[in-house]
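Participant: Output the structure for:
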Amino acid sequence: MDLWVVFVIAGCLLGAGEIANTSFYLAPFAIACLLAAAVDGAGGPTAASIATLLIASVVLFVFVRPIARRHTEMPALARTGTDALIGQRALVLEEIASDGGLGSVKIGGEVWTARASDEDQLIPAGSRVQVVEIRGATAYVSEA
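Facilitator: The predicted structure is shown next:
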């Protein structure tokens, strides 16, 4: 079996391992194997292929992996849509009845139908509440 085939197989196995664990630990070695396979497949000497494997492995692991790790450790994206309303403060416009009845609240300038997150809770108009959950077009709130 030619050496370039061995490098391609090793690169594919390392690539599959990287896909399975997503730690960007095996990817530099997989790329180095493929580069070494290219050198050997182009007719380069065996020593050049092995040197390419070693040098590319070190360079990719030392310089590229830290950059990739920084990108994987970035904070989560900001919440948008109705998810962004959870935790917001709201003003009760219409009383929210204690029997699970509907009322209305103003959240960030928008009027929403609302229910108390605790069905036994009566929330009078003018109260400040906090949005606990959004289901459809109804905000579930609790007194702050």
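Participant: What backbone torsions are found at the residue lying closest to V64 once chain neighbours are set aside?
Facilitator: Once flanking residues are discounted, V64 sits nearest to P28: 6.3 Å by Cβ to Cβ, 6 or more residues apart in numbering. (C-beta placed from N, C-alpha, C; glycine too.) Main-chain dihedrals, P28, degrees, to the nearest 10: phi -60, psi -40.
Participant: Can you find the helix or strand in this protein with the smallest mean pLDDT?
Facilitator: The weakest-scoring helix or strand in the chain, judged by mean pLDDT, DSSP states H and E, is helix 65-72 (a mean of 76).
Participant: That one packs against which elements?
Facilitator: Applying 3 or more Cβ pairs under 8 Å, 6 or more residues apart in numbering; DSSP states H and E, one finds that helix 65-72 contacts helix 27-41.
Participant: A125 and E94 touch, don't they?
Facilitator: Yes. With contact defined as Cβ atoms under 8 Å, A125 counts as touching E94 (6.0 Å).
Participant: hey, what's in contact with both of those two?
Facilitator: G103 (Cβ atoms under 8 Å, 6 or more residues apart in numbering).
Participant: which of the two has more neighbours?
Facilitator: E94 (16 against 13; other Cβ atoms under 10 Å).
Participant: so that one touches G103, yeah?
Facilitator: Yes. E94 lies in contact with G103 (Cβ under 8 Å); the separation is 4.4 Å.
Participant: hey, what's in contact with both of those two?
Facilitator: What both E94 and G103 touch, as defined by Cβ under 8 Å, 6+ apart, is the set A125.
Participant: Would you mind measuring from the residue lying farthest from the centre of the chain to I55?
Facilitator: What lies farthest from the middle of the chain is P45; by Cα atoms, centre = their mean that is 43.8 Å. P45 sits at a distance of 15 Å from I55 (criterion: Cβ to Cβ, to the nearest Å).
Participant: And the longest helix along the chain, what does it pack against?
Facilitator: Counting by DSSP state H, the longest helix found in the chain is helix 3-21. Contact analysis of helix 3-21 by 3+ Cβ pairs under 8 Å, 6+ apart lists helix 27-41, helix 46-59 as its packing neighbours.
Participant: Recalculate using a threshold of 7 Å.
Facilitator: Applying 3 or more Cβ pairs under 7 Å, 6 or more residues apart in numbering; DSSP states H and E, one finds that helix 3-21 contacts helix 27-41.
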